[in-house]
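Engineer: Next come a sequence and a model predicted from it.
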Amino acid sequence: MITFIGRTFADTYGDSNELGAIERKTLSNLLEQVEKKFPDDNNIFINLTFFFTDHADDNENKNWYIAKKYAEKFINGNLFLFCGADPTPHAWSMIEIYETFKNFNIYKIGNFNSKFSWHLISVILLDRFRKYTNNEILLNNLKYKFLSYSRKPHDHRVELYKKLIDNDLLQHGVATLGKHERTDVYFTLNENVEDYKDHGHWHDNFDFNIPHDIFSLGNINIWQEHFLNIVNETLPHNPNWFKNLPKQEIMVTEKTLKPIIGLRPFLINSDPEIYQWLRNRGFKTFTHWFPIDDIENPNTLHDKIIEVLVWLSKQPNEQIEQMYQNMLPDLIHNRNRFFEFAQEEKLRIDDIL
């Protein structure tokens with residue numbers, strides 16, 4: 001017996017290669033696996049996408065209400081938590097889930113640091129990301145020492161953007177930050193939403209004055225002309241929301257994968273554990289290429305990124321171009337490894353349990 005609770009990321013989100021459709025297909029696959037492997041157990045399967053945002057009329061979260069009633073009724077069994085499209089809920093919410101289902105065997109699938117870690121976005125990008133040849137994306141005519149794209153102005157992105165301004169670095173690179181009433185700084189490229197209809201901008205709203213661009217490298221001229229990619233990930237670099245709570249599970253999105261697909265070295269504005277997450281999966285990272293110590297220290301992350309960019313700003317283009325050539329074997333390895341990894345993940349979901 002299996003009880004499913006939740007809904008998918010976007011029920012009306014595009015065709016068969018889009019996030020919502022693939023998430024639904026994945027969930028159907030997993031439910032079949034659960035029924036086959038645990039046919040006689042009490043099984044509850046929760047899709048954590050939107051799990052704590054659907055509210056009933058009495059303001060009690062209706063999904064969580066149903067889940068707690070299940071735990072009271074059956075006492076023990078198997079709990080399957082799937083988190084593919086979004087970050088896991090905040091730490092205090094996850095603790096409440098674990099406590100409520102403390103007598104259940106818990107299987108954490110997707111964006112977790114667990115035996116059943118699985119990467120949905122790689123599987124989606126494998127088929128959906130715009131196809132580029134190596135010649136299209138190689139560094140060509142160096143103009144920008146760095147590129148730092150941000151759409152939603154999350155605090156950790158605003159903080160880094162302000163440090164770019166304070167250190168007079170915007171003259172050496174391109175940095176965007178979505179416009180929002182709660183921030184006093186922003187910069188956009190004045191791009192047309194219509195140009196991104198095929199690359200992830202699936203609705204008519206032009207929030208933050210920057211299009212969604214999940215499935216491409218953006219303006220190809222800017223991409224070709226920049227050296228270092230600053231990845232402004234979804235979650236902050238210090239995700240300990242409160243003391244004495246476990247920190248937020250990391251989430252690796254298309255933002256981290258773009259420089260890998262696009263043959264660029266990168267630094268990450270997010271939890272530095274992402275670097276090790278990548279290395280564990282066979283990718284090369286680049287913090288050791290720069291003469292700056294302790295770049296992966298979470299306590300000084302922004303300052304270290306700034307130090308790297310200040311150092312880059314002082315290097316002649318010829319030196320950076322040579323550095324890129326020296327990195328190229330690792331960059332090509334990363335691009336090839338992405339397509340291998342995504343294919344592995346695509347196949348692994350079929351028997352992940």
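Structural biologist: Happy to help now that I have it.
Engineer: so where do the helices sit in this structure?
Structural biologist: Taking DSSP state H as the test, the helices found in the chain are 19-37, 62-74, 91-100, 120-128, 134-137, 155-166, 220-224, 254-261, 273-280, 301-313, 317-348.
Engineer: Next, the contact list for the residue positioned nearest the centre of the chain, please.
Structural biologist: In the chain, the centroid-proximal residue (CA atoms, centre = their mean) is T253; its distance is 1.8 Å. If you count contacts by CB atoms under 8 Å, 6 or more residues apart in numbering, T253 has them with I121, E233, T234. From N, CA and C alone the C-beta is placed, and that goes for glycine too.
Engineer: Residue ranges in the stretch 51-200 of the chain under the pLDDT threshold?
Structural biologist: Counting by pLDDT under 70, the low-confidence segments of the stretch 51-200 of the chain come to 53-60, 194-195, 197-200.
Engineer: go with 80
Structural biologist: Low-confidence regions of the stretch 51-200 of the chain, defined by pLDDT under 80, span residues 52-61, 181-184, 186, 189-200.
Engineer: Quickly list the domain ranges of the protein.
Structural biologist: In terms of domains, the chain is parsed into 2-118, 130-341 (source: automatic domain parsing).
Engineer: mind checking the end-to-end distance for the longest one?
Structural biologist: Right, domain 130-341. In domain 130-341, first residue to last residue: 17 Å (CA to CA, to the nearest Å).
Engineer: So which of the domains of the chain is nearest I349?
Structural biologist: The closest approach between I349 and any of the domains of the chain, judged by CB to CB, belongs to domain 2-118 at 6.0 Å.
Engineer: quick one: the closest one to chain centroid distance?
Structural biologist: For domain 2-118, the gap between its own C-alpha mean and the chain's C-alpha mean amounts to 19 Å (CA atoms, centre = their mean, to the nearest Å).
Engineer: Nearest approach to I352 belongs to which of the domains of the chain?
Structural biologist: With CB to CB as the criterion, I352 lies closest to domain 2-118 of those, at 5.7 Å.
Engineer: what's in contact with stretch 182-199?
Structural biologist: For stretch 182-199, the external contacting residues (CB under 8 Å, 6+ apart) are 130, 153, 158, 161-162, 165, 174-180, 201, 204, 206, 208-216, 219.
Engineer: And it, what's buried?
Structural biologist: Using 16 or more other CB atoms under 10 Å as the test for burial, stretch 182-199 gives T183, Y186, F187, E191, Y196, H199.
Engineer: So which of these is the closest to G110?
Structural biologist: Checking the buried residues of stretch 182-199 one by one against G110 (CB to CB), the nearest turns out to be H199, at 24.0 Å.
Engineer: out of everything not next to it in sequence, what's closest to I320?
Structural biologist: Closest residue in space to I320, ignoring its immediate chain neighbours: F227 at 5.3 Å, by CB to CB, 6 or more residues apart in numbering.
Engineer: No further questions, thank you.
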